[in-house]
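In: any chance you can model this:
(one chain, ligands or ions: 1)
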Amino acid sequence: DYDAGPYVPADADLRALREAAVGCHGCPLYRDATQTVFGSGDTSARVMLIGEQPGDQEDRRGEPFVGPAGGVLTRAIEEAGIDPGDTYVTNAVKHFKFVVAARGKRRIHKPPSLREMTACRPWLAAELRLVRPEVVVALGATAGKALLGSSFRVSEERGVPRPMPALDGDPADETLVATIHPSAVLRADDAERARLYAGLVADLTVAARLLS
Ligand code: URA
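Out: All right, here's what the predicted structure looks like:
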């Protein structure tokens, strides 16, 4: 079955991990994507933010959260009192999954399947082992399900700190806080946008207050 595990080097540092991820063929998503988009930040980060998968711009540039959702995220992080330099930002799935619009060339994001999320999890587990953040933030339903299982409901479980579950058997002592995905703010209509953004900042503030 799909599995990134065989591509993940044992005892690698972050740089070696990132280099190995370039060649991951653990699931078929590498075929259509431009490149692997690995996490960014360094091992001293106290907060790890986990999104869903790279978007169109991230796929082209090779860095997570550098498109419109990243703009919202950076602003919200700072407003919550978290230093962006103290964050490691990554995704549950490291390749862009998309369909091409029927007319034209626009690439439309498609949510990764449970199978793809599970296949990609060894990369996330390895990032967590190296960074050992104090707090993990799951951004949106997909990241929440990737970490907590398919019964996770972001609307019901957001903003409430909980113990980070063990990924692939690694013991974890981080605290996990889930929140909405920053692109939900972008998709909202004018009437809703400010409310959703304030909710994102409020949940990130919960995460900020957990830092020692
Ligand atoms: N959305 C995500 O979940 N991750 C990114 O890196 C960009 C957009």
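
In: when you work out contacts or count neighbours from here on, use the C-alpha atoms and nothing else.
Out: Will do.

In: so where do the helices sit in the protein?
Out: In the chain, the helices defined using DSSP state H lie at 14-21, 56-61, 68-79, 114-131, 140-148, 154-157, 182-187, 190-209.

In: what's next to the fifth one, contact-wise?
Out: Contacts of helix 140-148 from elsewhere in the structure, counted by C-alpha atoms under 8 Å, 6 or more residues apart in numbering, are 50-52, 91-92, 111, 114, 117-118, 121, 138, 151-154, 165, 167, 178-182.

In: so who does the residue at the greatest distance from the centre of the chain touch?
Out: Distance from the C-alpha centroid of the chain, by C-alpha atoms, centre = their mean, peaks at Arg103 (30.0 Å). Residues near Arg103 by C-alpha under 8 Å, 6+ apart: none.

In: ramachandran angles for it?
Out: phi -110, psi 140 (degrees, to the nearest 10).

In: check the gap between it and Asp56 for me.
Out: To Asp56, Arg103 is 17 Å away according to C-alpha to C-alpha, to the nearest Å.

In: could you do Gly104 as well?
Out: For Gly104 relative to Asp56 (C-alpha to C-alpha), the value is 15 Å.

In: neighbour count: these two, which is higher?
Out: Asp56 (19 against 7; other C-alpha atoms under 10 Å).

In: that one touches Arg107, doesn't it?
Out: Yes - the pair Asp56 / Arg107 is scored as a contact, 6.9 Å apart, by C-alpha atoms under 8 Å.

In: enumerate the residues of the chain near the ligand.
Out: Counting by C-alpha under 6 Å from any ligand atom, the positions of the chain adjacent to the ligand are Gly51, Glu52, Gln53, Pro54, Gly55, Glu58, Pro64, Phe65, Ala69, Asn91.

In: wait, what's in contact with the third one?
Out: Taking C-alpha under 8 Å, 6+ apart, we find Gln53 in contact with Asn91, Ala92, Val93, Lys94, His95, Phe96, Lys97, Pro112.

In: quick one: contacts for the nearest residue to the fourth one once chain neighbours are set aside?
Out: Right, Lys94. Spatial nearest neighbour of Lys94, chain neighbours left out: Val37 (5.1 Å); criterion: C-alpha to C-alpha, 6 or more residues apart in numbering. With contacts defined as C-alpha under 8 Å, 6+ apart, Val37 is in contact with Pro54, Glu58, Asp59, Gly62, Glu63, Pro64, Lys94, His95.
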